[in-house]
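> Only the shape, not the letters, is given here:
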DNA sequence: AAAACCGATTGCATTTTGCAATTAGTTTAA
DNA sequence: TTAAACTAATTGCAAAATGCAATCGGTTTT
C-alpha cells in the first residue's frame, strides 16, 4: 500500500492498522515475549507466515530489531527500538477503551487500571526498562 | 472473525484493527464530518462499499448511531456514541506517535502537539462537545 | 420534468489472510 | 554419534477482504 495521505492518524494505521501487528508489540511489552516461538504460542494463534511477514515489516520500519543470541546461534531475540517502545501509550489507551467498553475479565481490568493509574511515571519506567534491554 | 481472546488489546483490534475504521472516527472527531458523502470525500479515498460496511459495523457495535435529518429525509447524520467518543485518547496517541516517528508536516505536528498539551481537560471538553451533539 | 444529490449495492479482479505441511539448520539427549 | 527435538521460517492452496468502477432507487433542487 502506498501512502494514502500524510495525516498522522493515517500514517499510524498504514503501519500497524491490522489485526496482528500490535499484538506482537503487546507480547513484547506486557508479556515479556521475545522470540518467534513465543509469539506463535500466544493465545490468538497467529499463523507462522503472517508472523514472519509482520516481523520483517516491523524490522524494516525500525520498530524492532533482531539480535542473535551469542550462546544459541539459532535463537533470535526480537527487541523493540525506541520507535517501538513509543507505541506503549497507544496500547494502553486501546486497553483502557476495552476495559471500559469490552467484555474484559477482572484480572485484565485491574492490569489496565494499574497501567493507566501509573500515568507518565510508569510509562517512563517501562520505557527505561526496554531501552536498557535495547542497549544490552 | 470470532473472538480470538479476551485480551483488552485484542478486543480493540478485533473491532477497529484495520486500515479504515479509525479514519472514520478521526473524520468525525477532528474534521467535523458527519455524512456518508463527507467520509467518501476524505483524502484517503475510501471505497463506498468499504465505507458502507464499516458504518454498519460501527452502528452494530454501538460506536455510532444514525440520525435522519427531519428536514431532509434522505440525509443521514452519523453521530458518535459515548463508546465512540471514548476512542479519542487512542487517536491522540496514534497521532503523537506519528508526529514523533512519521513524516508529518508542521501544521499537523502542531495540531497533535496542541491536543497532547491540552491533556485531560481538553479531552473532557471535546468529550462534552460530542456528548451534547449526541443528545441533540 | 430534468438534473443533481443521497446513501448505498453489485460484479469482478486483486490482494491479504488462514491453515497445514514442510524445510534447513541447531541444539539436546541417548 | 546419531536420533530426536527445537529453531525460525517458507510453501501451496483455499477462503476472505479489499479496491475499483458502474449502477441503483429514492429525494431534493432547479
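That came in fine, so what should we check first? Source: prediction; values computed, not measured. Numbers count the residues shown, from 1 in each chain, chains lettered A, B, ... in the order given.
> going forward, measure contacts and count neighbours with C-alpha atoms only.
OK.
> before we move on, which element is the closest residue in space to residue A:26 that isn't next to it in sequence in?
Nearest residue to residue A:26, sequence neighbours excluded (CA to CA, 6 or more residues apart in numbering or on different chains): residue A:91, at 7.2 Å. If you go by DSSP states H and E, residue A:91 is part of helix A:88-101.
> Once you drop chain neighbours, what's closest to residue A:27?
Of all residues not flanking residue A:27 in the chain, residue A:33 sits nearest, at 5.4 Å (CA to CA, 6+ apart).
> where's the one you found relative to DNA strand C, distance?
19 Å (CA to the nearest atom of the strand, to the nearest Å).
> since we're on that residue, how many residues are nearby?
19 (other CA atoms under 10 Å in any protein chain shown).
> Tell me which residue lies nearest the centroid of chain A.
Nearest to the geometric centre of chain A sits residue A:25, at 1.1 Å (CA atoms, centre = their mean).
> what does the helix or strand encompassing that one contact?
Taking DSSP H and E as the definition, residue A:25 sits inside helix A:21-31. Helix A:21-31 is contacted from outside by A:16, A:33-34, A:39, A:42, A:54, A:79-80, A:84-85, A:87-88, A:91, B:9-10, using CA atoms under 8 Å, 6 or more residues apart in numbering or on different chains.
> buried ones in the lowest-mean-pLDDT helix or strand in chain A?
Lowest by mean pLDDT, DSSP states H and E among the helices and strands of chain A is strand A:64-68, with a mean of 93. By 16 or more other CA atoms under 10 Å in any protein chain shown, the buried positions in strand A:64-68 come out as A:64-65.
> So is whatever helix or strand comes next after it next to DNA strand C?
Next along the chain after strand A:64-68, taking DSSP H and E as the criterion, comes strand A:76-80. No - Strand A:76-80 does not reach DNA strand C (CA under 7 Å from any atom of the strand); its nearest approach is 10.0 Å.
> So what's the residue count around residue A:5?
15.
> do the same with the one 4 residues further on
A total of 24 residues lie near residue A:9 under the criterion other CA under 10 Å.
> swap in the one 5 residues further on?
One way to gauge burial is a neighbour count; for residue A:14, by other CA under 10 Å, it gives 18.
> From chain B, how far out is it?
Distance from residue A:14 to chain B, counting by CA to the nearest CA, to the nearest Å: 6 Å.
> Residue A:86 now?
For residue A:86, the distance to chain B equals 7 Å [CA to the nearest CA].
> unless I'm mixing things up, that residue is touching residue B:97, no?
Yes - between residue A:86 and residue B:97 there is a contact under CA atoms under 8 Å: 6.7 Å.
> Give me the distance from the longest helix anywhere in chain A to the chain's centre.
Longest helix in chain A, counting residues (DSSP state H): helix A:106-135. Here helix A:106-135 shows a centroid-to-chain-centroid distance of 13 Å under the convention CA atoms, centre = their mean, to the nearest Å.
> Would you tell me whether it gets close to chain B?
Yes - using CA under 8 Å from any CA of the partner chain, helix A:106-135 reaches chain B at residue A:108.
> in that helix, what's buried?
For helix A:106-135, a neighbour-count test (16+ other CA under 10 Å) marks A:109, A:111-112, A:115-116, A:123, A:127, A:130-131, A:134 as buried.
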